[in-house]
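Colleague: pasting a predicted model and its sequence here:
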Amino acid sequence: MNMAVVTPSQETTSVVTRSRIVCFVNDEVSASALGKGLEGSNLSIKNGTIRSAIKMLETDTDLLALVTDISGIDDPFPELERLAGVCPPDVRVALIGDNREITFYRALIDLGLTEYLPKPLTRDIVLDQLRPKLLGDVSHAPADRSGHVVSICGAQGGAGATSVAINLAMQLAETTKAKVALLDLHLQGGETAVMLGVRPGPGLRIALENPMRADTLFLERTAIEVNDRVSLISGDEELDAKLDITEAGVRHVLGLLRQRFNYIVVDVPVPFAASMYPVIQMSRHVLVLLEAEVTGLRNAHALRNAVTNIAGKDRVFTLLNRANRPGGLPKATIVKALGAEPDMVIPDLGKGMTQAVNLGIPALKHVRGLRRHLAPIVREITGVGSKEKRRWKRWLGL
């Protein structure tokens, strides 16, 4: 059997005229990742597996590419034989599944498949590994070795953006064993240092106002060690202070942090001042956080549009916090207002979250369930679901 699949450079006229990409997947995580990673294409995502794809191709072959799920199938090769019998040779075929063995990957590629990706999928994996092979484009700049910036933007006051930023930074470090910077750009009235029980100095303001005075020693003077992997960079300026934060200063500070840390979690003031645009532009993930309230829904819509205008629509994710809080809007209303399900959800986890703030400690230490609800967010950001996942990425040279 040979799944003869052409590459973008080998397209025939018939392929060019077809633009449909049809995906059959059997889990919401994969469907969401494919939807975001292939956004802007003529995309159709259906619930099913390779068997569903075979059935469709018996009557409908007018497509550019097919992505199909083989997870849960003990021996997919007989199904691939059947697929090859009904799939035109010029249709690009990609598979997703739960087998992580390198020999399995090579066997599939030797058949002529365009790509095979193990679960769990993330938007970045689809953008970097699958989209160029299906569409022949690169939807965003290739990742470099600098730190990965994640921005948290609260759509309303008191929605929990700072708390999420703190605990997300802690869990990123715990999961990846990497160095994480927690950058609070609320220089006046910021809550991150208070929630962690520390007191920041004036270094961040100086660096943001005058980048020429910020060098690598800035980190040593300004960063506060939360633990051996997480450092806090924040300020505590008087409320009547006249700040002169510059775009160059913001860009320089982020550049320094990206040289020293693997991940930088940024608590971003809203609405965005022009000086804060570099944060959004340099972020690979922008989490717009809201609660189930009318003001949160309204502001979340405006925030998503602002992020799209500044950096493009492939960066923004909607995070619904305290989802089941008494008195909140019903789910159907939220989905209708957003135009889609929230990308990420954290339920109301009770008074332990408030107690953590009062004690000046991360809520991860004693709020049951928080780690479990942050795990899908960490997975989306890092692509890491387990040590086995990291080993697979090393084998493939990713």
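Modeller: Everything's here; your move. Numbering: from 1, shown residues only.
Colleague: just confirm Ile152 is within a strand.
Modeller: Yes. Judged by DSSP: H, G, I helix; E, B strand; the rest coil, Ile152 forms part of a strand.
Colleague: give the bridge partners for it, please.
Modeller: Residues in a beta bridge with Ile152, per DSSP bridges, are Asp267, Leu287.
Colleague: if I look at it, how far off is Gly160?
Modeller: 10 Å (C-beta to C-beta, to the nearest Å). The way it works is simple: take the backbone N, C-alpha and C, and place the C-beta from them, glycine included.
Colleague: shared neighbours, those two?
Modeller: Jointly contacting Ile152 and Gly160 under the rule C-beta atoms under 8 Å, 6 or more residues apart in numbering are Leu289.
Colleague: neighbour-wise, which of the two wins?
Modeller: More neighbours surround Ile152 than the other of Ile152 and Gly160, with 25 against 22 (other C-beta atoms under 10 Å).
Colleague: spit out the contact partners of the more buried one.
Modeller: With contact taken as C-beta under 8 Å, 6+ apart, Ile152 is in contact with Ala161, Thr162, Val164, Ala165, Leu168, Val265, Val266, Asp267, Val268, Leu287, Leu289.
Colleague: same thing but 6 Å
Modeller: Ile152 is in contact with Ala161, Val164, Ala165, Asp267, Leu287, counting by C-beta atoms under 6 Å, 6 or more residues apart in numbering.
Colleague: in which helix or strand does Gly249 reside?
Modeller: Here Gly249, judged by DSSP states H and E, is contained in helix 247-260.
Colleague: I'd say Pro269 and His186 touch.
Modeller: Yes. Counting by C-beta atoms under 6 Å, Pro269 does reach His186; the two are 5.3 Å apart.
Colleague: where do the strands of the stretch 1-150 of the chain begin and end?
Modeller: 20-25, 42-47, 65-69, 92-97, 115-118, 148-154 (DSSP state E, counting those that start in this stretch).
Colleague: need the ones you listed in JSON lines with mean pLDDT and distance to Val198, can you?
Modeller: What follows is the strands of the stretch 1-150 of the chain, written out as JSON lines (pLDDT from 0 to 100; distance: least, C-beta to C-beta, whole Å):
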{"stretch": "strand 20-25", "mean pLDDT": "95", "distance to Val198": "44"}
{"stretch": "strand 42-47", "mean pLDDT": "94", "distance to Val198": "45"}
{"stretch": "strand 65-69", "mean pLDDT": "95", "distance to Val198": "47"}
{"stretch": "strand 92-97", "mean pLDDT": "94", "distance to Val198": "44"}
{"stretch": "strand 115-118", "mean pLDDT": "93", "distance to Val198": "40"}
{"stretch": "strand 148-154", "mean pLDDT": "95", "distance to Val198": "19"}
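Colleague: before we move on, the earlier item: what would the contacts of Ile152 look like in a markdown table with distance to Leu319?
Modeller: A markdown table is the format used below for these (distance: C-beta to C-beta, whole Å):
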| residue | distance to Leu319 |
| --- | --- |
| Ala161 | 9 |
| Val164 | 7 |
| Ala165 | 11 |
| Asp267 | 13 |
| Leu287 | 5 |
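Colleague: from those residues, which two are the most distant?
Modeller: Asp267 and Leu287 (10.6 Å; C-beta to C-beta).
Colleague: more crowded one of these two?
Modeller: Leu287 (28 against 24).
Colleague: so how far is Leu185 from the more buried one?
Modeller: 15 Å.
Colleague: then Arg371?
Modeller: 26 Å.
Colleague: out of the two, which sits in the busier spot?
Modeller: Neighbours per residue, other C-beta under 10 Å: of Arg371 and Leu185, the larger number sits with Leu185, 24 against 17.
Colleague: got the contact list for the more buried one?
Modeller: So Leu185 contacts Val268, Pro269 (C-beta under 6 Å, 6+ apart).
Colleague: 7 Å - rerun?
Modeller: Val266, Asp267, Val268, Pro269, Met276 (C-beta atoms under 7 Å, 6 or more residues apart in numbering).
Colleague: how about Leu219?
Modeller: Leu256, Arg260.
Colleague: pretty sure it sits in a helix.
Modeller: Yes. Judged by three-state DSSP, Leu219 forms part of a helix.
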